[in-house]
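In: Provided below are the primary sequence and the corresponding predicted coordinates.
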Amino acid sequence: MTTLTTAHGARPVAVVTGATGGLGAQICRTLAQAGFAIVAGYRSSANAAHALVGELAGDGHCALCAPVADSAALARLADAVATRYGRCDVLVNCAGTTRFVAHADLDALDDALIDDVLATNVRGPFAMVRALRALLAGSRLAGGGVVINVSSIAAQTAMGSNVMYCASKAALDNLTRSLARALAPTIRVVSVAPGLVDTEFVKSMDSAWRDEQAARTPLGRLAYPEEIARAVLAAVRELRFTTGCVLPVDGGRPLS
Ligand SMILES: NC(=O)c1ccc[n+]([C@@H]2O[C@H](COP(=O)([O-])OP(=O)(O)OC[C@H]3O[C@@H](n4cnc5c(N)ncnc54)[C@H](OP(=O)(O)O)[C@@H]3O)[C@@H](O)[C@H]2O)c1
């Protein structure tokens, strides 16, 4: 197994946005288990973020405010990371937002929702990279700094919670390619694109609908959060010659 510690033994640092969400929390757990010090980024869930930090394996973790649509706050976040750790090796852009709107109901997809989806799912990841670029570029992790953008199968299939959510994830994948080119060779940028994941939120939805989604997936089920987190870890730790691409974790759903 690849070692993560640098020559002087310090733990590499991973900043995860949306850290208290169904996927974000598992990504934090998996990266902490793998030896990273975690900065759990939150917007409104400060208490949950501090509780998560308390249960992570290893030490050196913290919870910091990371509202991705507020660039001034992200500059303060970058300063706090620099002061506390002096480094940032991995950024996982996991914060995301959406709301269910039938694709044919154009009037229900109002401008406020469109602006929120685009500011959070597209501008937010870009703003995080912009804020942490200098720290990521200085990473001493083997293979350099890494940005993981948590995208979605919806970018490819144009099927998802609403039209603009699908478009936002397609834009995010495009951002992944542009930034990978712009930031090479010091920083790699990879999208991890889950299919429907069996998070608490998805578990709370109509079970017949969930069963139908599973039945339409060649591998016959939804993804587990652990599988998305392991894909993130693999892209960071193992896929060192991979950048500017989308790694699907969807059970082959687009094939059916
Ligand atoms: N779940 C799935 O089936 C699935 C499938 C494909 C892709 N994805 C993608 O995976 C990512 C995580 O999904 P999830 O299911 O874990 O979502 P979730 O449980 O709904 O959590 C969303 C997270 O995003 C954060 N967030 C929302 N707006 C934010 C903002 N403006 N600034 C900072 N943080 C913000 C929330 O933070 P606070 O609570 O602190 O406000 C929360 O932690 C998203 O990008 C989503 O699009 C999910």
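Out: Right, received. Where do you want to start?
In: Check the gap between Thr97 and the ligand for me.
Out: Per CB to the nearest ligand atom, to the nearest Å, Thr97 is found 4 Å from the ligand. Using the backbone N, CA and C atoms, a C-beta is placed for each residue, glycine as well.
In: for Arg43, same thing?
Out: In terms of CB to the nearest ligand atom, Arg43 sits 3 Å off from the ligand.
In: What is the longest strand along the chain packed up against?
Out: Secondary structure assigned by DSSP state E gives strand 187-194 as the longest strand of the chain. Under the contact criterion of 3 or more CB pairs under 8 Å, 6 or more residues apart in numbering; DSSP states H and E, strand 187-194 touches helix 124-137, strand 145-150, helix 154-157, helix 163-183, helix 225-237, strand 245-249.
In: for those, which one sits closest to Leu109?
Out: helix 163-183 (6.1 Å; CB to CB).
In: Report the mean confidence score over that closest one.
Out: When pLDDT is averaged along helix 163-183, the result is 98.
In: now the helices for the stretch 1-150 of the chain?
Out: 22-33, 46-55, 71-85, 111-118, 124-137 (DSSP state H, counting those that start in this stretch).
In: which parts of the last one are buried?
Out: Spelled out, that is helix 124-137. For helix 124-137, the neighbour count (16 or more other CB atoms under 10 Å) marks 124-129, 131-133, 135-136 as buried.
In: What of the fourth one?
Out: With burial defined by 16+ other CB under 10 Å, the residues of helix 111-118 counted as buried are 113-114, 116-118.
In: Turn those into TSV, including pLDDT.
Out: As requested, the buried residues of helix 111-118 are exported to TSV (pLDDT from 0 to 100):
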residue	pLDDT
Leu113	98
Ile114	98
Asp116	98
Val117	98
Leu118	98
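In: Near Asp70, how many other residues are there?
Out: Residues near Asp70, counting by other CB atoms under 10 Å, number 16.
In: repeat for Arg11
Out: 20.
In: Now do the same contact list for the closest residue to it other than its chain neighbours.
Out: The shortest distance from Arg11 to any non-neighbouring residue, by CB to CB, 6 or more residues apart in numbering, is to Ala37 (4.5 Å). If you count contacts by CB atoms under 8 Å, 6 or more residues apart in numbering, Ala37 has them with 11-14, 58-61, 85.
In: Get me the contact residues on the stretch 51-200 of the chain for the ligand.
Out: Applying CB under 6 Å from any ligand atom, we find that the stretch 51-200 of the chain lies next to the ligand at 66-69, 94-97, 120, 150, 152, 194, 196-197, 199.
In: how close does Glu118 get to Leu141?
Out: One thing to correct before we go on: residue 118 is Leu, not Glu. For Leu118, the distance to Leu141 (CB to CB, to the nearest Å) stands at 31 Å.
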